[in-house]
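Undergrad: sequence and predicted structure, then a few things I'm wondering about:
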Amino acid sequence: MRSSGSKNSKSSKSSKGSKGSKGSKGSTSSIHLTVWLLVLVSATLLAFSNSFSSPFELDDGDAIVTNPTIRSLSPISRTFSGPLQSSTAGRPLVNLTFAMNYAAGGLDPRGYRAVNLGIHVLCGLLVFGIIRRTFSSLPTSSNPSNLSDPSNLLAFFCALIWLLHPLESEVVDYVTQRTESLMALMYLTTLYGFIRGVGSERPWRWYSVSVVSCWLGMMCKESMVTAPLMVLLYDVVFCAGSVAKALRRRTMLYAGLAASTVLLAVLVSSNGRSHSAGFSSGVSAWTYLLNQAPMVLRYLRLAVWPTSLVFDYGLPKATTLSMVLPAALPILALVTVTAAAWFIDRRLAYLGTWVFITLAPTSTFVPIATEVGAERRMYLPMIAIVVLVVLAFRAVLGQRAILAGSLAAVSILFGVLTFDRNRDYHDPIALWRQVISRYPHGRAHYNLGVHLRDAGQRTEAIREFELSLGDTPDGEYALGFEALNDRRYEEAIARLRRYLEREPLDINAIRASNLLGRSLLEAGRPDEAAAAFRETLRMHHDDVDAIGGLGQALLNGGHVEDALPVLDRYAQRLPQNVGAHFNLGLAYMKLRRFEEAYAELSRASALNPRDPAPHANLGTTLAELGRFDEAIDQFRQAAAVESDATAQQEIRDIIEQLDIEKKRAGHQ
């Protein structure tokens, strides 16, 4: 009995010791995990620490600076809409986050980039989680919970290199490209939720996360459309083993994921970005496809050797199959190798498929008329490329210490390159000069001209606008604007009409149409000006500038009855605008409705007491009403603020005449 008791006692001690050991290992594992996550976050924050102070650039103007739908968080339907043809049109979740940014900090770029950086960090943590759990599920993994296992080390470096890679910097530095990173966050959460659900006792908690994330991703960017397919392929490769088994085991999950594409179809059907993307955008599918071969080859080169990055690649150009064939052949070879890998090693095949499928929505045959290429398109594809490179390092180097040291060196190098890349965004003029030196095109010259003009270097700006003419009609728009400022009205009219003929669907067409109307007004052609402003209102029925311009054109053309309701609408829209009340007052004067003219001209003179015109016209109105003392007082105020000597004398003559009429009226 003693012997038996002794054995039981030893067994009990051994059991306690074993539990204590497991608890210690679990605690150590948790500490290791926390440290690695902190390293990922800290390294990324350090690499992007110099990115916050850069100004807004390019599409940030329409998506943020002049976006009226982000000025308030209510009504939510307006916040969800986004301006037509802007980067946030049909992407309600992104527009909502910009509205939240605006509510928190107005138009301070630092807040917007802080959010972009936070999204990028979250994406990196999801990359780490996905790769770590995937490696841990493979038969070669020794212990999924042991972070000292080489597979966990590989997952850490995959996430770190991806986070610090310079090719990924655009989603932080270029604020509008939150569309890409927020979509990626939802894409990765969709996959991560699926992976966690497979290994969970209550899978639908995680499957719900996956489905909801997929729906939210469709509200960020159209590239999310491939997420359900990549989840299914992951299931086939790493979990179920076949498509049939995957669909049979998780029918409701895939139904929920697939249904999200209906939401995307609704958002796309709104035609919010029809002028910039899609088959009606003005660029043929074949032309766009031919342009993509050299672009994708360039992306792959930058993925391995990220130097000479380009902020903007310009517009798709006419080309031929023979011209792009040297670039297309390597791409076709890689696609063929990926397809063959499905019969050899489906895990490697999944990585290759990830690259091409996530890149496909933007880089195949669906035209994006506004840009032939963009480095941010590699944001998701880079994940698989990084994993392939890290696995190659592991195969070649073998020893853990050498492997870790080599991958750490690569991470540091990429972090330094990203830090240096962020500085390119600090100076817009230098950024566009860099684009011209690395990948010259007309739009780069145009945008350089815009920034030079804003910096007061007008002569240099006009030269850049002229250099852009062969590649983009935007140069006509800019030169038309400059001609209008120089009062060369006929030149302005010709250039703006050429621009509108070539780019009737461009987002700047509304502004160009307004400028055309103003040029025609100044050239003394009010009826043509009215037609131009009506065209603006056809494109944007509520454009305030067009309403005011149409009212003035009708007034100048003698169509006073038609002008009156338009001018009244303009004054209601801009109650603090002097010109709105002044023109409405003039219309009432011409119709001899002097009491109403008095009310409008009084508002105009009160808003700007230093302008002689409202005072003079108010004086005329008061004289018509027989209020001579008040009329004389208004003309005296007009004379006091009038700078032209001849005009001052004319006003004095009017005052003398009013004195005579006043006395005559008194005798009567």
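TA: Arrived safely.
Undergrad: what's the closest non-adjacent residue to residue 311?
TA: residue 435 (5.4 Å; C-beta to C-beta, 6 or more residues apart in numbering). (Each C-beta comes from the backbone N, C-alpha and C, glycine too.)
Undergrad: return the residues in contact with the one you found.
TA: By C-beta atoms under 8 Å, 6 or more residues apart in numbering, residue 435 lies in contact with 310-312, 441, 444, 448.
Undergrad: what do you get for residue 502?
TA: Contact analysis of residue 502 by C-beta under 8 Å, 6+ apart lists 473, 476.
Undergrad: make 418 the first number, not 1, from now on.
TA: Okay, using 418 as the starting number, the last item reads as residue 919.
Undergrad: quick one: it from residue 926, how far?
TA: Residue 919 is 10 Å from residue 926, where distance means C-beta to C-beta, to the nearest Å.
Undergrad: pretty sure residue 1049 sits against residue 1078.
TA: No: using C-beta atoms under 8 Å, residue 1049 is not in contact with residue 1078; the gap is 10.1 Å.
Undergrad: more neighbours, the two?
TA: residue 1049 (19 against 14; other C-beta atoms under 10 Å).
Undergrad: surely residue 571 meets residue 553?
TA: No: Residue 571 is beyond contact range of residue 553, at 10.8 Å (criterion: C-beta under 8 Å).
Undergrad: so these two - more neighbours on which side?
TA: Taking neighbours as other C-beta under 10 Å, residue 571 and residue 553 compare with residue 571 leading, 21 against 18.
Undergrad: three-state assignment of the more buried one?
TA: Classification of residue 571 by DSSP: H, G, I helix; E, B strand; the rest coil places it in helix.
Undergrad: between the contacts of residue 852, identify the one with the most neighbours.
TA: residue 861 (28 neighbours).
Undergrad: which residue ranges make up each domain of this protein?
TA: Domain ranges of the chain: 454-692+701-841, 1019-1085, per automatic domain parsing.
Undergrad: quick one: which of the ones you listed is nearest residue 891?
TA: domain 454-692+701-841 (9.8 Å; C-beta to C-beta).
Undergrad: tell me, how many residues neighbour the closest residue to residue 990 other than its chain neighbours?
TA: Leaving aside its sequence neighbours, residue 990 sits nearest to residue 961 (C-beta to C-beta, 6+ apart; 5.4 Å). Counted with other C-beta under 10 Å, residues neighbouring residue 961 total 15.
Undergrad: try residue 589
TA: Neighbour number of residue 589 under other C-beta under 10 Å is 30.
Undergrad: so what secondary structure elements neighbour the host helix or strand of it?
TA: Per DSSP states H and E: residue 589 is located in helix 587-590. Applying 3 or more C-beta pairs under 8 Å, 6 or more residues apart in numbering; DSSP states H and E, one finds that helix 587-590 contacts helix 526-554, helix 595-615, helix 817-841.
Undergrad: let me have those helices in TSV, extended by distance to residue 483.
TA: Output for the helices and strands packed on helix 587-590, formatted as TSV (distance: least, C-beta to C-beta, whole Å):
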stretch	distance to residue 483
helix 526-554	15
helix 595-615	17
helix 817-841	24
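Undergrad: I'd like the ones you listed as a markdown table, with mean pLDDT and distance to residue 733 appended.
TA: Output for those, formatted as a markdown table (pLDDT from 0 to 100; distance: least, C-beta to C-beta, whole Å):
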| stretch | mean pLDDT | distance to residue 733 |
| --- | --- | --- |
| helix 526-554 | 95 | 27 |
| helix 595-615 | 97 | 19 |
| helix 817-841 | 95 | 24 |
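Undergrad: which one of the ones you listed has the most crowded surroundings?
TA: Comparing the helices and strands packed on helix 587-590 by mean neighbour count (mean count of other C-beta atoms under 10 Å), helix 595-615 comes out on top with a mean of 24.
Undergrad: ok, then the element right after that helix?
TA: According to DSSP H and E, the helix or strand after helix 595-615 is helix 620-635.
Undergrad: let me see the mean pLDDT of that following helix.
TA: Averaged over helix 620-635, pLDDT sits at 96.
Undergrad: list phi and psi for the most centrally placed residue in the chain.
TA: Centroid-nearest residue in the chain: residue 593, 2.7 Å away (criterion: C-alpha atoms, centre = their mean). Dihedral pair for residue 593: phi -60, psi -20, per degrees, to the nearest 10.
Undergrad: next one: residue 785
TA: Main-chain torsions, residue 785, degrees, to the nearest 10: phi -120, psi 100.
Undergrad: quick check: bridge partners of it?
TA: In this entry, residue 785 is beta-bridged to residue 694, by DSSP bridges.
Undergrad: what's the pLDDT at it?
TA: 84.
Undergrad: now residue 439
TA: So, for residue 439, pLDDT stands at 46.
Undergrad: now the element after the helix or strand of the chain with the lowest mean pLDDT, going C-ward?
TA: Lowest by mean pLDDT, DSSP states H and E among the helices and strands of the chain is helix 419-464, with a mean of 62. Sequence-wise, the next helix or strand downstream of helix 419-464 (DSSP H and E) is helix 477.
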